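Enquirer: this is a predicted model, with the sequence first.
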Amino acid sequence: MGDDGASASAAWLLIQHADHDPSFQRTCLDLMKALPPQETVPQHIAYLTDRVLLAEGQSQVYGTQMEIANGTHQPRNLRDPATVDQRRAEVGLGSIAAYIHSMNRDREDH
């Protein structure tokens, strides 16, 4: 990833964490989805999609957004959990079980 890629990743991080302005996040998500596939990172779209959907009161699709329940990370309001791994694979994300394990391991390390 060259300078453009690094700049795009930095921009995505700012958008992803702009939770104070969900309409801005929605606008950016729509713009990202309109780009040619070679100009986007599917995982970035997945993470932002989940964040926007939750802010809009809907279920997330990819299970990227977590909450702590009973002392462990769990996906917040996940749409159709039985097929989440298929959706995650389509955008290059690992299984939800591996993601949860990683999140919980990171939490234990801190």
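Expert: Yep, that arrived. Just so it is clear, the structure is predicted and the values come from calculations on it, not from any experiment.

Enquirer: give me the most central residue, the chain.
Expert: By C-alpha atoms, centre = their mean, the chain has its centre lying nearest to residue 47, at 1.4 Å.

Enquirer: I figured it was touching residue 61, is that so?
Expert: No - contact criterion C-beta atoms under 8 Å: residue 47 and residue 61 do not qualify, at 10.6 Å. C-betas here are computed from N, CA, C, even on glycine.

Enquirer: looking at stretch 64-71 now, give me its mean pLDDT.
Expert: Average pLDDT, stretch 64-71: 94.

Enquirer: could you give me the buried positions within that stretch?
Expert: For stretch 64-71, the neighbour count (16 or more other C-beta atoms under 10 Å) marks 64, 65, 66 as buried.

Enquirer: element containing the first one, please.
Expert: Element membership for residue 64 (DSSP states H and E) is empty, with no helix or strand holding it.

Enquirer: ok, it - contacts?
Expert: By C-beta atoms under 8 Å, 6 or more residues apart in numbering, the residues touching residue 64 are 46, 47, 50, 51, 75, 93, 99.

Enquirer: any idea how far residue 36 is from it?
Expert: 23 Å (C-beta to C-beta, to the nearest Å).

Enquirer: now for residue 86, how many residues are close by?
Expert: Neighbour count of residue 86, defined by other C-beta atoms under 10 Å: 9.

Enquirer: right, I mislabeled it, should have said residue 60
Expert: Residues near residue 60, counting by other C-beta under 10 Å: 22.

Enquirer: again, but for residue 94
Expert: Neighbours around residue 94, by other C-beta under 10 Å: 12.

Enquirer: which SS class is it?
Expert: Secondary structure state of residue 94, per DSSP: H, G, I helix; E, B strand; the rest coil, is coil.

Enquirer: contacts only, for the closest residue to it other than its chain neighbours.
Expert: Spatial nearest neighbour of residue 94, chain neighbours left out: residue 88 (6.8 Å); criterion: C-beta to C-beta, 6 or more residues apart in numbering. Going by C-beta under 8 Å, 6+ apart, residue 88 touches 46, 62, 63, 94, 95, 96, 99.
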